[in-house]
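Asks: This is the structure alone, sequence omitted:
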């Protein structure tokens, strides 16, 4: 089975939208303003006034307005500021869905699939190295601008699936899916910190599980906080969590901190139209690393590549080292220009 065949079975086509840019609209406005000035000046000018004099007069009148508008247009938001502005514009549209984490579909290759993810006893021999991986992640405001300030109550949902899409031996089964709903308090803005600006922070309750039973069941509940820092083309997300304790007889994964630790850090860099991200998660004994890259193919679709190395890629694989690489498409990234 070739990765090319897998990739061909996954990648959809997209329609390229066409839109005016702010520069196009500014140029059109400038032409209309200049024409109006010329017509008015010709109607009221003295007979001896030359066309060159009228044109110079109108140019002098229009230029200050044009310069001011151009300066406002050229003042670009940082990628993080742009994301926050787009999200809050989305909240006003009842039929718009706001992305939380990247939404993507990729064809992946893993050298050593974890045999314990099957309950059939067939182990590694039944698993393909190639599989599809996709993530769906959305959020919505529950209460906006609490008490007239930059505070929101948000609800979010993320699911990640690993799909043995070409594996007829196990009926093209979903090998693993992680479900992650959360409810959190969010604040926008903040002071300068570490040479950057606090773009916002949130804190809330996070549940994550794989919906399996008995020996393959994995779940935990956490109090989770996030801090977002803005350094122009670089954005940093710091996450920290505390696992809510469970009774010993109900705890399916008592050693999660060894592999997941108590937090992680993600750095996103958006030069030109590229977006590069690096996430490092230090466990108390083992670590996990994720690297991604994306680039726009159309206004609403990006080529997306991902590399994972370490522990904790999924709940079922949390105590197994996985090395995986994949490429496909995404609808969005953490930050983007």
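Replies: It's in. These numbers come from a predicted model, not from an experiment.
Asks: where do the strands sit along the stretch 151-300 of the chain?
Replies: Assigned strands in the stretch 151-300 of the chain, in chain order: 151-163, 174-188, 192-193, 196-209, 219-231, 234-243, 263-269, 275-282, 287-296 (criterion: DSSP state E, counting those that start in this stretch).
Asks: closest one to residue 252 among those?
Replies: Between residue 252 and the strands of the stretch 151-300 of the chain, the shortest separation by C-beta to C-beta is 6.5 Å, and it involves strand 219-231. Heads up, the C-betas are built off the backbone N, CA and C, glycines and all.
Asks: residues making contact with the closest one?
Replies: The contact list for strand 219-231, computed with C-beta atoms under 8 Å, 6 or more residues apart in numbering, reads 78, 80-81, 182, 184, 193-210, 235-244, 246, 252-253, 256, 315.
Asks: Buried among those residues? Need that as a selection in PyMOL.
Replies: Listed next is the PyMOL selection for buried residues among the contacts of strand 219-231, using 16 or more other C-beta atoms under 10 Å:
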select buried, resi 78+80+81+182+184+196+197+198+199+200+201+202+204+206+208+209+210+235+236+237+239+240+241+243+252+253+256+315
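Asks: Below-threshold pLDDT in the chain: ranges please.
Replies: Scanning the chain for pLDDT under 70 picks out the ranges 1-36, 38-48, 51-52, 54, 62-75, 117-125.
Asks: let's see 50
Replies: Confidence mapping of the chain against pLDDT under 50 gives the ranges 1, 3-9, 11-31, 67, 69-74, 120, 122.
Asks: Map the structural domains onto the sequence of it.
Replies: Residue ranges for each domain of the chain read 22-74, 78-330, as given by automatic domain parsing.
Asks: Reformat the ones you listed as a markdown table; add distance to residue 337.
Replies: Formatted as a markdown table, the domains of the chain follow (distance: least, C-beta to C-beta, whole Å):
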| stretch | distance to residue 337 |
| --- | --- |
| domain 22-74 | 14 |
| domain 78-330 | 5 |
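Asks: so which of those domains is the most packed in?
Replies: Using mean count of other C-beta atoms under 10 Å, the stretch among the domains of the chain with the greatest mean number of neighbours is domain 78-330 (a mean of 17).
Asks: What is the end-to-end distance of that domain?
Replies: With C-alpha to C-alpha, to the nearest Å as the measure, the ends of domain 78-330 fall 21 Å from one another.
Asks: before we move on, what about stretch 245-264?
Replies: 20 Å.
Asks: ok, and what's touching that stretch?
Replies: Residues from elsewhere that reach stretch 245-264 (C-beta under 8 Å, 6+ apart): 217-220, 238-243, 279-286, 288, 311-312, 315, 318-319.
Asks: and the helix or strand encompassing residue 139, which strands flank it?
Replies: Assigned by DSSP states H and E, residue 139 falls within strand 130-143. Based on DSSP bridges, the pairing partners of strand 130-143 within the sheet are strand 98-99 (antiparallel), strand 104-110 (antiparallel), strand 151-163 (antiparallel).
Asks: Quick one: closest of these to residue 178.
Replies: Proximity to residue 178, assessed across these by C-beta to C-beta, is greatest for strand 151-163 (5.0 Å).
Asks: returning to what we had before: make a markdown table out of the strands paired with strand 130-143 and add distance to residue 126.
Replies: Written out in a markdown table, the entries for these read as follows (distance: least, C-beta to C-beta, whole Å):
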| stretch | distance to residue 126 |
| --- | --- |
| strand 98-99 | 35 |
| strand 104-110 | 14 |
| strand 151-163 | 14 |
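Asks: So which of those is nearest residue 302?
Replies: With C-beta to C-beta, the closest approach to residue 302 among the strands paired with strand 130-143 belongs to strand 104-110: 8.5 Å.
Asks: how many degrees apart are that closest one and strand 287-296 in direction?
Replies: Between the axes of strand 104-110 and strand 287-296, defined by axes from the mean of the first three to the mean of the last three C-alpha atoms, to 10 degrees, the angle is 130 degrees.
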